[in-house]
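1. just to be clear, the model below is a prediction. Sequence and coordinates:
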Amino acid sequence: MLDTVDAKRLTAGLVGVTLLVIILGGVIRIYDAGESCPDWPTCFGTWGFDVSEADQEAWYEANPDEFDSRGSSHRYTNFQIFTEWSHRLIAGFILGPLVLVNWWLLRQDDGFGSEVRLASTVSVALIVWQGAVGWLTVRMDNEHWSVALHLGSALAFALSLVWIWLAVSEDRGDSPEWIAFDPATASRWEGWLAWLSVGAFVTLFSGTFVSTTPGANFGCGVSGVPESWPLCNGRLADSVDDVIAQSQMIHRWLVVIVEMGLLAASYVIWKQVRDEGVGSVMNNWIWCATGLFIANVLVGGLYILSWDMTDGYLEYLSLVHLLLASLTFLALATAWLGSRIVVVRRGS
């Protein structure tokens with residue numbers, strides 16, 4: 001029988017590895033290394049990352065149908081290739097096999113219920129899907145929609161691992177206090193958390209679209225405060241004539257809508273705790289997600305304002321922006337999953 005602690009530790013470890021893969025994906029974008037391995041699953045026809053410029057040129061000559069969107073003469077450094085190579089190594093040769101091991105081990109224990117089995121199966125399906133989307137992203141030369149889909153799939157996979165962890169905890173009756181929602185509060189907030197999670201996901205997806213679309217980061221200008229941020233070209237809002245060119249403004253509209261929803265939820269849950277004396281665990285989750293979201297809004301503004309004619313944007317802020325957005329979504333989605341499990345299994 002698989003020990004509960006071991007099952008939870010392995011699943012939690014997989015969540016950590018998934019976050020590392022997401023961070024590496026952000027590093028790849030920052031260093032413009034998205035096409036540094038133009039084929040898949042190999043890299044310039046090899047299984048390593050030490051590919052010289054001469055070897056890269058020879059590979060392109062041997063594969064005339066392949067091309068780099070930056071031009072036929074563009075070549076990559078070993079560091080750029082290494083970032084993409086390590087991303088694939090961790091995702092394909094470490095994370096993928098461990099997910100299969102986790103699925104098999106969980107099924108060996110008859111003490112786990114159907115939800116644990118379902119969640120583990122979903123995790124296997126999503127890691128296979130993620131590999132397919134990774135291949136598609138390479139084949140599409142990192143088109144903005146394919147990169148956004150790749151990130152969205154990674155977050156869905158991470159959430160499936162959280163689902164396993166929560167379901168295992170519930171089956172064993174050892175859910176820690178920081179995720180132990182009382183049934184009445186869970187029932188009251190399950191729907192609201194679902195919508196907030198969707199909103200956070202959509203804003204993250206739209207932000208990824210902006211960051212991977214050439215020129216979209218300049219959609220609101222680079223004039224500084226307040227013309228470029230918090231305004232967009234000196235306006236609060238404008239009609240949308242070109243979705244791609246104005247994707248940054250659309251992203252900001254979505255951010256404002258979700259932020260208003262989070263602030264309203266924070267006030268309501270705070271009032272519930274104050275007046276009724278229940279919901280303190282839910283209060284912590286919602287306030288944490290709201291704090292992360294507001295902090296990320298400020299990071300996004302700093303990124304826009306960091307523009308310099310010589311050095312461009314401070315790209316490490318973009319990586320922080322991605323990480324905070326991912327954590328906000330996962331916090332809200334985890335609270336929703338925890339609420340759902342309590343409502344389904346214990347009733348309201």
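-> Nice, thanks for sending it over.
2. counting neighbours, what do you get for the spatially closest residue to residue 300 that is not a sequence neighbour?
-> Spatial nearest neighbour of residue 300, excluding adjacent residues (CB to CB, 6 or more residues apart in numbering): residue 321 at 5.5 Å. The way it works is simple: take the backbone N, C-alpha and C, and place the C-beta from them, glycine included. Residue 321: 23 surrounding residues under other CB atoms under 10 Å.
3. surely residue 321 meets residue 298?
-> No - here residue 321 lies out of contact with residue 298, judged by CB atoms under 8 Å, at a distance of 9.9 Å.
4. related to what we said a few turns ago, sec struct for the residue nearest to residue 300, please.
-> Judged by DSSP: H, G, I helix; E, B strand; the rest coil, the three-state class of residue 321 is helix.
5. give me every residue that touches it.
-> Residue 321 is in contact with 207, 296, 299-300, 303, counting by CB atoms under 8 Å, 6 or more residues apart in numbering.
6. which one of those residues is nearest residue 277?
-> residue 296 (31.6 Å; CB to CB).
7. and the pLDDT for the closest one?
-> pLDDT for residue 296: 97.
8. ok, now residue 202?
-> 96.
9. show me what the lowest-mean-pLDDT helix or strand in the chain is packed up against.
-> None of the helices or strands of the chain scores lower by mean pLDDT, DSSP states H and E than helix 4-30, at a mean of 89. Identification of packing neighbours for helix 4-30 by 3 or more CB pairs under 8 Å, 6 or more residues apart in numbering; DSSP states H and E yields helix 78-88, helix 96-107, helix 144-172, helix 315-346.
10. which parts of that helix are buried?
-> 4, 7-8, 10-11, 14-15, 17-22, 24-30 (16 or more other CB atoms under 10 Å).
11. residue contacts, residue 6?
-> Neighbours of residue 6 in contact, by CB under 8 Å, 6+ apart: none.
12. relative to residue 246, how far out is it?
-> Using CB to CB, to the nearest Å, we find residue 6 at a distance of 50 Å from residue 246.
13. any regions of the stretch 201-348 of the chain where pLDDT drops low?
-> For the stretch 201-348 of the chain, the stretches flagged by pLDDT under 70 are 346-348.
14. just the buried positions in stretch 284-292, please.
-> 284-286, 288-290, 292.
15. please flag which of these sit within strands.
-> With DSSP state E as the criterion, strands contain none of these.
16. now tabulate those in JSON lines and tack on distance to residue 242.
-> Below are the buried residues of stretch 284-292 laid out as JSON lines (distance: CB to CB, whole Å):
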{"residue": "284", "distance to residue 242": "42"}
{"residue": "285", "distance to residue 242": "38"}
{"residue": "286", "distance to residue 242": "36"}
{"residue": "288", "distance to residue 242": "37"}
{"residue": "289", "distance to residue 242": "32"}
{"residue": "290", "distance to residue 242": "32"}
{"residue": "292", "distance to residue 242": "31"}
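17. and which of these is nearest to residue 251?
-> Distance to residue 251, by CB to CB, is smallest for residue 292 among the buried residues of stretch 284-292, at 17.1 Å.
18. report the separation between the closest residue to the closest one other than its chain neighbours and residue 223.
-> Residue nearest to residue 292 in three dimensions, not counting chain neighbours: residue 328, with 4.4 Å by CB to CB, 6+ apart. Look at residue 328 and residue 223: by CB to CB, they are 28 Å apart.
19. neighbour count: the two, which is higher?
-> residue 328 (27 against 14).
20. returning to what we had before: could you dump the helices and strands packed on helix 4-30 into CSV and include distance to residue 132?
-> Converted to CSV, those look like this (distance: least, CB to CB, whole Å):
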stretch, distance to residue 132
helix 78-88, 14
helix 96-107, 12
helix 144-172, 9
helix 315-346, 21
